[in-house]
Structures are given as C-alpha cells and as structure tokens.
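[1] Have a look at this prediction, sequence included:
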Amino acid sequence: MGRALPLGQGCDLNIWSWRLAPSPSHEFHMIRSLNGAWRDPSQVTALYITFYSCAKQLVSSGGGRVRAESCEKPVARISFKSGDPSRSVKTFSAENVLNYDQFLLSEDREKLYVGARDTVLYLSIDDSGNLHLQNQISWPSDPTNISQCVLKAKSKETECLNFIRILLPVNNTHLYTCGTNAFNPFCTYINLDTFSMFTDITGNVIALDGRGQSPFDPQHKHTAVIVDGELYTGTMNNFKGNEPIIYRTLGNRQNLKTETSLGWLHADASFVGSFNLAGTSADSKVYFFFAETAREFDFFDKLTASRVARVCKNDAGGDKVLQKRWTTFLKAQLLCSDPDGFPFNVLQHVALLHPDDPQRSIFYGVFSSQWQAGGSSTSAVCSFQLKNIENVFDGNYKEQNKESSRWTPYTGPVSDPRPGSCSPGKFSDTDLNFMKDHFLMDGKVSPLEHNPLLIKQGLRYTQITVDSVPTISGRNYTVLFLGTDKGSLQKVVVVNDKYSHIIEELELLPNQEPVKNLLLASNKRLLYIGYTSGILQVPLANCSVYISCFDCILARDPYCAWDVKNHICRWAQSKIDTSESWLQDIENGHPNTTCSTQSPRGKATFATDTKPMKVANYTANYNTILKLQCPQHSALATYTWKHPLLKSSDKQMVTSQDTLVIIVKGDTLGLYECWAAENGFTYQVAKYWVKDPSGVDVTHKDSENTDSNMETSPQFTGNNYYTHFVVVTILLVSTLCGILFFFLYGWRDNLKAKSKIQGCNTPETEKLSDAKETTRLNGICQNDMNNPNMCCVPVSGSDAMMDLDNNTVIVRTSNGRAPLEDASDV
C-alpha cells in the first residue's frame, strides 16, 4: 500500500497528502504530512500521482471518498421555503435600481446607505426596521468610458457600468465612495447634509482616480476600511486583474503600497476583509484577510493558501529602501481542516466579534476547498483569536533560498526593534532590506480547538456575519449568520467555542442567487441582505413559530426563551421580570429537565399548557387507499407511527417519507399516531382516527379518552382504484392480443415465402398418400430408353433455364430429348 510522503520543501507544512488505506473498500484517507525534506526526486512524481490524481479525479468522480467519521453531518433543525408565511421576509427595492452590493449603517443606526449599480441610495429605518427611500444619487459611467470598455471586449450590459464598490464614512458629514466606472475606477465624496456629490461649476461630478482603491472588474473581490481619515484597501490595481495591491491613500501622509516585484502578493490574491480594532491596544495595526496561490509550496499544480496580513498605521515608508512602500508588511497562513486533515484552504469571507476587546477578539471565516469538483461543494467555519494571530507575527520568519528556491525557516539574528513591528521611529536600511525578503511568517495560525466549528456538505458559504447574544442566564452565545451560494441563509449557534448547532435555514431567493452581502442591525432585530433586485429584511428570530415549551427549548435559539407566565416562546431580551419565569437551555436543549417544574406534591409537571393533540376523524370505504400525513417540523427528530395492529397489518401499510399509506381493511381501522423523538424527548405530532364506513366504531386500548379531542371531518371516500384496475387490465390484454396477432400474421407470411422459393418442390400431401417409391432418390434416372420417366436430376451448365415464378424448369439432356416441363409433376 502507499505510504505517507512528506510534502513541500522543508515540509513542516500543514498540507495534506493522500495514501491508499489498507482496507478492502480502498477508501482514500487524508493524512497530515510529516516533517522532512525531499530526498529522492521520484518522491515528487509519486506525490503528484497520489495527491493530485486522487484528490482531483477520484474524489470528483466518485472513485474514492474522504473519510470523516469523526465529523457529524449537521443539518438545520427547521427549514423554511421562500414565501413561507411562518418566517416572514420583507423586501425593499427602488425603481430602476439593481445590484444592491454595498451597505453602510449610520452611527446612530437609523439610516442605511446603499451602493448599487450606477446609484447611491439613502434609506431611513423606522422602529420596525422597515426601509424608506429618502434620496438617491445617479452616478453612471459616461459614454466615452463605456465605449472604450466595449472596445476592450467587455459586456456593455453586465460589465461596462459603474458598480459601487466602496461606501465608507470619512467623518460625520461626508462619505467616500468609489465605483468600477466601466473598468476605469473613480472616486468622489458625498455631502451628507445635502446628500450630493462634489461637482464643478458646470455641475459635473468631481471624480478622483480610483486605481488601487476600487477594482476594475465588478467580479473581483475587494476590501476597504477608513482609519483616522486614511483609506486602506486590498484590491486589483490593473485592468487585467493580475496585480493585487494593499494600498493606503487619502489623508496627509505619503501613500503606501505593496511591492509587486518582490512577490509580496501573488497575482491571483482575492481579498475578503480588512479590520482595525479602534480604541484598543491593537489600534496601531490594520489586518487584511485574503486567499492566494502559495509560492512557498513548490508543486506541479497551484496550491491555494488563506492568509492574514498586517501593516502598521504609523508606517511612513523608507527613505532610500522601500520608498513609498510598506516597511511593516507581514503575512501568515491560516489553517482550517477537518479532523481527518482534509484542508479547507480557500477563504471566502470573514467577520470580527468583540472588536472592542483584543483579548476576546475572534475572527470567524468561511472556507471552501480548491479540490471541490463535480458539484459536491463542502464548506467549513473556523475561528481565530487575535492573540494567536499576533503570536505568529511575533514568531520566526520564513525565507527563500536563492540557490534552491526552497522556503525554509529563518534562523539568523533579529534586530531590535523587531523588523515589521509597529515601533515608533524608522527602521535602518539593513532592517528594510531584511523586510524585503522576510515578509512571510514561518508559523501558521490554527483555529480555536484546532478544528472547524462547522462543516457542511453540499453547499458553499459565501458570506458571514456574527452576533453576540445575551441569554437569561447572563451568558453570551455567538450566533453566526451564513449566506450560501444557493441563495439561502443559515443561523448557527456556537456552543463553548467547540461545536455548533444549525438552528434554522431560510430559502431567501427562489432562483438560488448567491448571497453576496449581509448587514446585521441588532438594534432593529433584523438582518439586511442585498441581492440583484433589492434588499431583504430578515428578522433575527421568529420565536412565535415554537408553539410549546419543548419546541422552544429544542430549538436552542439564544434569541428565544419560554415565558412561563404567558405560556409563549418569545424574544428573550424583552424579559422584564426575573429569569425564574423564563426557560432556556442553549447548551443541551433538554426539554425533559428544562420544561418540568416541581409541584407541591413533588411530582414533575411540564411548564406548558400545550393542549392535547386533536384527532382527525376519517371515514373511508373498504379497499381504498388512505394517506396519513406526519408533519416533520424538525429534521433532527426520528418519526414513528403507532397503531395497535401495525405489525399484523404491515402488508396493508407503506411508509413513504412523511406519509403513511394504508389500504382500508377491517384490521387497519382505528387510531393512528405519529410520534417524534428528539434529543431524548418524545412528543406527539399527529393523530388520526380511521372509521368503518358502516358507522361501526373500532375501539382499542390506545384510543381511550380521545372522543373529546376528535375533529369531525366529512366522510373520506379515499381513492378507490378498482375501476382503474379493470380498465388498465382490459387495455393491457387488448394490447397483448394485438401484438400476438401481428406476430402470427408476420410468421405466416414468412412460411408462405419459404415454401414458394424452393429448389425442388416437395410432392403435395394428397399425391404422397398412396405413393410408393419407384424411382431412386439419388437424382439419377433409370436407364430405360423405351419408357422414359420423370425424375429429379442435377441441373448445371448454360443449357438449364428455370422459371421459379411458374415452378418450371427446362433442361436439355445429353441425348437431345425434348425438355422436361411442368416440373411440379416430377
């Protein structure tokens, strides 16, 4: 069997190789690579075959599968279809406005600014969170830019437009905005008092060059943040989209950027987030998150790595070395893999929790894998503490050996102050030359608990936003809102920073448009989601959908709690009395212990006034098919049917998904109950009573005391398929008879043709009835000159003529006698 091979140069990498497991099923396992260096060039070939052939071909084609027994396959407990009234979602859209891509919430959280295609919107938010259009600015590209864009083989309908990509506050009175401008990005300021752009005396917008700030291509990912009046951006700096840049502009200081020629960023870098922890001990730094091809891994194929980069706010660039370039740029690799080591190496988006406390600050990222093929996407959510990121930046550097081009840890001396640190003052030229080649850190940033919080198969997460929710116990829980590539939203609660529970999934867009923009407005209890045609207003929770105490507890939604006094599941943060009258169990979700209270007699009772399940009463004719529905509200529950004679009459019953199909017989009458078991708790979902059509009732032990809860329904005749059966049988028999007739008719014609075309006819039956053999059958005539007899003779030569249509053969014999005619009489 195959053995594990060390990967990469230096091979202290957390990269993963494939090997064939010694098992009959020939499953392919992902295993962690060992430390060590390449010793034999053949290992490179073996690695390429095992790693890339297996990873790309076998997994995508189904020839192998990744083992992850230690990983559960989480599913959302409750799912809502688009338009479901039980999970209301409101929509806002402005006339003739598309692509609601950029959101900016005002400091007072009462206004929402939206960057769309060719337009900037100003919306007000009322107390209910509804959006109202107050003003809008039209900012399209001019015809000259559009025509030049079209000449460069770009689409006039989808690309040669002005897509707003930056919309940020400069101060309390102005916004700064940039757009793609038909692949010629430009920027300008917006006056909030008048909600208008700066214009010249002719009324034209005063536009600034937007290169290095906004991407050229609207499809390219980008990030931007304004810190102390200066704009920090991560984007593409050219038309071709192969020159990524981290850039600082605006303000009064020297503009700084990354150096392309030094390879600080790979040409395919894709930026997903940037952050500054203002007002904290980490205020001196700006962090960028992105994914790029890793140059330190020398493989036959490109390997993507997720990164976090850091620059210092006080960076002023070098005087002689690294002029107008960053002197503090450092980057490190982010790791996210499942317990079996399969890597999720492509960072899609990132969000920050607790930005006001660096000791608690956590970055949450959604990852996918570059080895997803054949439509089987898998995503993961990993979390990283800021202090762990800083520990890596304070660790060893990595350097590239100029002779072998291998990347190895740097073991030489390090000056003080440390190169790349945010110390005051300027670095020496020696330190700056060191920074030109030592921008990559040797250490990797591992996620909390060294495992993902969530792994989800069958979809790709595209966006994430995070909320910290206080509960009635005083403890805060982290709630993740995850947008997917299929137009859905998942709400997830994180428990103990170790594992997660998917509370619900909402289908937002019926056309499965990927979610590209999320904005959390906690004060309005809403989540705003931008898409092509408008903005969705999604409530953070819908507690009223949980109608009982056990349902409220099983949901494990931190926003919801069971109100014991009012017997309702409601928004937990709205409680005005003590926590004793509110019930929650986010940690375990156990209604058996949470919903029960102690009565004065010491007996456990449920703190809910849930009414007994009503019985649906059906009267059906015999031999009809009856379908009984079992509503499956929770995907985490196991559903079973109960009936007194269920085992003895299982031949008359079929269970299909959430439906029990029965044939009404004497032994299938009576009470049917559907029960759900979830997290150790069993509860009833549905009850049906199937009655005899004659009116004679059937009573069982399980049906006692149910008459008062029965719903009277009209007589249910069911589906009687006897007539259909007779009709189908007649049609089938008729069809078979027709097929048989045509077959026999064709067979008869074949027999006639064969009997007609024969070299020598067989005597008819009537002529053979009294015939005796008087002539030898070897084809030779008797030699009797006086009495020539008719006989069969071999025919050859050019003197023979045959008329097969008239059954006549004319042959001239060797003695010249007259020809034989009427061969049928021979």
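    Perfect, thanks for sending it. Predicted model only: the values in this text are computed from it and were never measured.
[2] number of nearby residues for residue 631?
    The local packing of residue 631 (other C-beta atoms under 10 Å) involves 11 other residues. C-beta here means a position set from N, CA and C on the backbone, and glycine is covered the same way.
[3] can you map out the helices along the stretch 301-450 of the chain?
    386-393, 429-437 (DSSP state H, counting those that start in this stretch).
[4] Make JSON lines out of those helices and add mean neighbour count, distance to residue 481 and mean pLDDT.
    Output for the helices of the stretch 301-450 of the chain, formatted as JSON lines (neighbours: other C-beta atoms under 10 Å; distance: least, C-beta to C-beta, whole Å; pLDDT from 0 to 100):
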{"stretch": "helix 386-393", "mean neighbour count": "18", "distance to residue 481": "21", "mean pLDDT": "96"}
{"stretch": "helix 429-437", "mean neighbour count": "17", "distance to residue 481": "39", "mean pLDDT": "94"}
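[5] Dump these to CSV, plus distance to residue 355.
    As requested, the helices of the stretch 301-450 of the chain are exported to CSV (distance: least, C-beta to C-beta, whole Å):
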stretch, distance to residue 355
helix 386-393, 9
helix 429-437, 28
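[6] List the buried residues in stretch 191-199.
    Within stretch 191-199, the residues that qualify as buried by neighbour count (16 or more other C-beta atoms under 10 Å) are 192, 195, 197.
[7] Out of these, which sit inside strands?
    Restricting the buried residues of stretch 191-199 to those inside strands, with DSSP state E as the criterion, leaves residue 197.
[8] pLDDT added to the buried residues of stretch 191-199, as CSV?
    Putting the buried residues of stretch 191-199 into CSV (pLDDT from 0 to 100) gives the following:
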residue, pLDDT
192, 96
195, 96
197, 95
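[9] What's the end-to-end length of stretch 412-425?
    With C-alpha to C-alpha, to the nearest Å applied, stretch 412-425 spans 24 Å between its terminal residues.
[10] tell me how far it is from the chain's mean position?
    44 Å (C-alpha atoms, centre = their mean, to the nearest Å).
[11] Can you check the pLDDT for residue 740?
    Per-residue pLDDT puts residue 740 at 86.
[12] about what we covered before: ok, the buried residues of stretch 191-199 vs residue 88, which is closest?
    Checking the buried residues of stretch 191-199 against residue 88 by C-beta to C-beta gives residue 195 as the nearest, at 30.6 Å.
[13] Cross-check the contact I'm expecting between the closest one and residue 135.
    Yes: in this structure residue 195 lies within contact range of residue 135 using C-beta atoms under 8 Å: 4.5 Å.
[14] Report the set of residues contacting both of these two.
    Overlap between the contact sets of residue 195 and residue 135, as judged by C-beta atoms under 8 Å, 6 or more residues apart in numbering, is given by residue 122.
[15] Point to the residue nearest the middle of this structure.
    Closest to where the C-alpha atoms of the chain average out (C-alpha atoms, centre = their mean) is residue 459, at 1.1 Å.
[16] pLDDT at residue 251, what is it?
    89.
[17] Find the nearest non-adjacent residue to it, please.
    Here the nearest residue to residue 251 in space, its sequence neighbours aside, is residue 230; by C-beta to C-beta, 6 or more residues apart in numbering that works out to 3.8 Å.
[18] who's that neighbour bridged to?
    Using DSSP bridges, the bridge partners assigned to residue 230 are residue 227.
[19] For it, the count of nearby residues, please.
    Using other C-beta under 10 Å, residue 230 has 18 neighbouring residues.
[20] ditto for the one 5 residues further on
    Here the neighbour count serves as a burial measure; for residue 235 (other C-beta under 10 Å) it reads 29.
[21] In the record's domain split, what are the boundaries for the protein?
    For the chain, the structural domains run 1-67, 236-360+375-454, 543-606, 615-722, 779-826, going by automatic domain parsing.
[22] Done for today, thanks.
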